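Undergrad: pasting the structure only:
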């Protein structure tokens with residue numbers, strides 16, 4: 001690298017899917033890293049898959065989007081840099097306290113979107129604990145993205161974006177360009193916690209709307225038949241506080 005050349009890293013800060021096709025799409029899109037945070041998957045398994053698909057061409061960062069609260073009143077919070085697993089279905093205050101204990105970077109994905117997000121009141125309460133707010137999400141309509149940007153500005157919190165890809169075809173349509181080199185999970189957590197300068201970049205035009213339509217259709221499926229299956233047909237989720245993997249640490253705060 002020549003002297004004076006700016007160091008930048010392109011990071012898709014939140015994807016739900018990970019396989020060879022996802023990696024290929026990310027590399028083709030010029031990304032340096034993606035953050036892998038699938039639903040209802042324990043941190044050790046996320047970390048194992050992230051390590052498996054990481055290479056010199058693409059860093060895959062393990063993370064957890066924790067479902068705090070109950071199904072009726074759940075709020076999603078994204079944590080990067082966790083050392084120990086944190087379950088779903090615990091109160092927001094319990095999750096935030098655990099993130100702070102572990103020194104993780106804490107992100108607010110899709111604020112005030114549907115019924116699964118941090119609200120303005122939540123952002124105000126945890127302003128000092130939140131490291132960034134997502135101001136563009138492909139699932140959002142323009143009004144949602146405007147509101148997200150308003151919230152980030154209101155609380156003077158740094159922005160980020162992601163593809164929030166639940167479908168492989170969505171990977172790379174949005175990313176955060178950090179003005180620093182990111183070669184590890186720790187690098188990304190530090191960049192977020194330290195408020196490193198960054199830009200939010202995303203596709204526009206027909207491709208953006210095709211992505212929105214596809215992801216919203218998937219969201220409808222995820223919150224109907226798949227949700228019914230999880231609630232009534234499946235056993236205990238791997239990320240349920242009662243799961244043996246948590247050794248009873250969260251029994252006193254489990255909402256179920």
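TA: The structure has been received and is ready for your questions. Just so you know, these numbers come straight off a predicted model, no measurement behind them. Numbers count the residues shown, from 1 in each chain.
Undergrad: Tell me what the nearest residue to residue 185 once chain neighbours are set aside is bridged to.
TA: If the residues on either side of it in the chain are set aside, residue 185 comes closest to residue 61, at 4.9 Å by Cβ to Cβ, 6 or more residues apart in numbering. C-beta here means a position set from N, CA and C on the backbone, and glycine is covered the same way. Residue 61 forms beta bridges with residue 35, as assigned by DSSP bridges.
Undergrad: Contacts only, for residue 61.
TA: Contact analysis of residue 61 by Cβ atoms under 8 Å, 6 or more residues apart in numbering lists 11, 33-36, 50, 80, 185, 188.
Undergrad: now do residue 91
TA: Counting by Cβ under 8 Å, 6+ apart, residue 91 has contacts 68-69, 253, 255.
Undergrad: from those, which is closest to residue 163?
TA: Taking Cβ to Cβ as the measure, residue 163 lies nearest residue 68 of these, at 22.8 Å.
Undergrad: bridging residues for the closest one?
TA: With DSSP bridges as the rule, residue 68 is bridged to residue 75.
Undergrad: check contacts around it.
TA: Contacts of residue 68 by Cβ under 8 Å, 6+ apart are 74-77, 88-92, 94-95.
Undergrad: related to what we said a few turns ago, any idea which of the contacts of residue 61 is closest to residue 56?
TA: For the contacts of residue 61, the nearest to residue 56 is residue 33 (12.0 Å; Cβ to Cβ).
Undergrad: What distance do you get for the nearest residue to the closest one once chain neighbours are set aside to residue 256?
TA: Spatial nearest neighbour of residue 33, chain neighbours left out: residue 59 (4.0 Å); criterion: Cβ to Cβ, 6+ apart. Distance, residue 59 to residue 256, by Cβ to Cβ, to the nearest Å: 35 Å.
Undergrad: got it, and residue 124?
TA: For residue 124, the distance to residue 256 - Cβ to Cβ - is 28 Å.
Undergrad: and if you look at residue 68?
TA: Distance of residue 68 to residue 256, computed by Cβ to Cβ: 12 Å.
Undergrad: Overlap of the contact sets of those two?
TA: residue 89.
Undergrad: before we move on, the earlier item: which of the contacts of residue 91 has the most neighbours?
TA: residue 68 (24 neighbours; other Cβ atoms under 10 Å).
Undergrad: Now whichever strand or helix holds residue 192: buried residues?
TA: Using DSSP states H and E, residue 192 maps to helix 185-193. In terms of neighbour count (16 or more other Cβ atoms under 10 Å), helix 185-193 has its buried residues at 185, 187-193.
Undergrad: So for residue 59 and residue 256, which residue has more residues nearby?
TA: Neighbour count, other Cβ under 10 Å: between residue 59 and residue 256, residue 59 has more, with 23 against 12.
Undergrad: Validate this expectation: residue 11 resides in a helix.
TA: No. With DSSP: H, G, I helix; E, B strand; the rest coil as the criterion, residue 11 is assigned strand and is not in a helix.
Undergrad: Residue 69 and residue 110, how far apart?
TA: Taking Cβ to Cβ, one finds residue 69 at 15 Å from residue 110.
Undergrad: Residue 80 and residue 66 touch, don't they?
TA: No. With contact defined as Cβ atoms under 8 Å, residue 80 does not reach residue 66; the gap is 11.6 Å.
Undergrad: Poorly predicted segments of the protein, please.
TA: Applying pLDDT under 70 to the chain flags the ranges 1-5, 205-236.
Undergrad: now the end-to-end length of stretch 65-79.
TA: End-to-end distance of stretch 65-79: 6 Å, with Cα to Cα, to the nearest Å as the criterion.
Undergrad: can you pull out the strands in the stretch 151-256 of the chain?
TA: 159-161, 174-178, 198-202 (DSSP state E, counting those that start in this stretch).
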